[in-house]
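Enquirer: here's my sequence, what's the structure:
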Amino acid sequence: MSESILQVDNINCAYDNVPVIFGVSFEVKEKELVAIVGANGAGKSTIMKTIAGLLHPKKGTIRFKGQDISHLPANQVLRKGISYIPEGRRLFAKLSVEENLELGAYIEHNRSEIEQRKREVLTLFPILGERSRQIAETLSGGEQQMLAIARGLMSKPELLMLDELSLGLMPSLVESVMETILRIKEQGTTILLVEQKVQESLEIADRGYVIQTGKIVQSGSSEELLNSDEVKKAYLGM
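Expert: Below you'll find the predicted structure:
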């Protein structure tokens, strides 16, 4: 079995001293696609921001490749090899597609390496190659989501964290975003995905964790969770 690349151990997190996450523990193994699923407001994005270094846990530890990163700032977490694609895309709206991609690689100084990465992400998202001079805010919602993922891949992460990618996308686009995530996984990137769309994300994940009001209430293989009566009743409308 592959090694754990990320270990989150018993973390508590708060916003403005209001507790939001209570004793959450989980792990992601190398080359796995792990989904954290749950309703809006359950605390999924808070967990992601805490791993990414935008928040710090009040208690507990986060280890990446065996190193404690619990209190590192976000730019150092990125340098360690974790790329976080936040909810709502957060593109540089007034810059072109190409400029957004370049900024995704700001920690890399080797020009030929940056060009190589660009070729790789444009193979994954050919439409962005056609739109390279276009201003990001003029892209469609689906294209903006592709650009957000592509920009996240430009730092060549060992762990890619995707936060609510399906938000605001029409169903046909959600399907194509999920297919893209699978393709990225097949290329060897480890992925942590948080999603409200429980069925869609568990269908592509290896394993999953279900979160409710800041606590993990269930975990297992995707198949186990999709077949669980609690998950069916709470999230799949069955």
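Enquirer: residues near the closest residue to Ser155 other than its chain neighbours, how many?
Expert: The shortest distance from Ser155 to any non-neighbouring residue, by CB to CB, 6 or more residues apart in numbering, is to Ser83 (5.0 Å). For the C-beta atoms, the positions are set from N, CA and C on the backbone; glycine is no exception. Ser83 has 22 neighbouring residues, counting by other CB atoms under 10 Å.
Enquirer: quick one: strands adjacent to the helix or strand in which Ser83 is found?
Expert: According to DSSP states H and E, Ser83 maps onto strand 82-85. Applying DSSP bridges to the sheet, strand 82-85 is found paired with strand 159-163 (parallel).
Enquirer: just the CA trace of the strand it pairs with, in CSV.
Expert: Extracted in CSV, the C-alpha atoms of strand 159-163 (Å, rounded to 0.1, in the frame of the first residue of the first chain):
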residue,chain,number,x,y,z
LEU,A,159,-0.9,17.3,-3.6
LEU,A,160,-3.7,19.2,-5.5
MET,A,161,-6.5,20.4,-3.3
LEU,A,162,-9.8,21.3,-5.0
ASP,A,163,-12.5,23.2,-3.2
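Enquirer: now the strands for the protein?
Expert: 4-15, 18-29, 33-37, 59-64, 67-68, 82-85, 159-163, 190-195, 207-212, 215-221 (DSSP state E).
Enquirer: dump those to CSV, plus distance to Val231 and mean pLDDT.
Expert: Compiled in CSV, those are given as follows (distance: least, CB to CB, whole Å; pLDDT from 0 to 100):
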stretch, distance to Val231, mean pLDDT
strand 4-15, 21, 95
strand 18-29, 16, 96
strand 33-37, 8, 96
strand 59-64, 25, 98
strand 67-68, 32, 98
strand 82-85, 25, 95
strand 159-163, 20, 96
strand 190-195, 13, 95
strand 207-212, 6, 95
strand 215-221, 7, 96
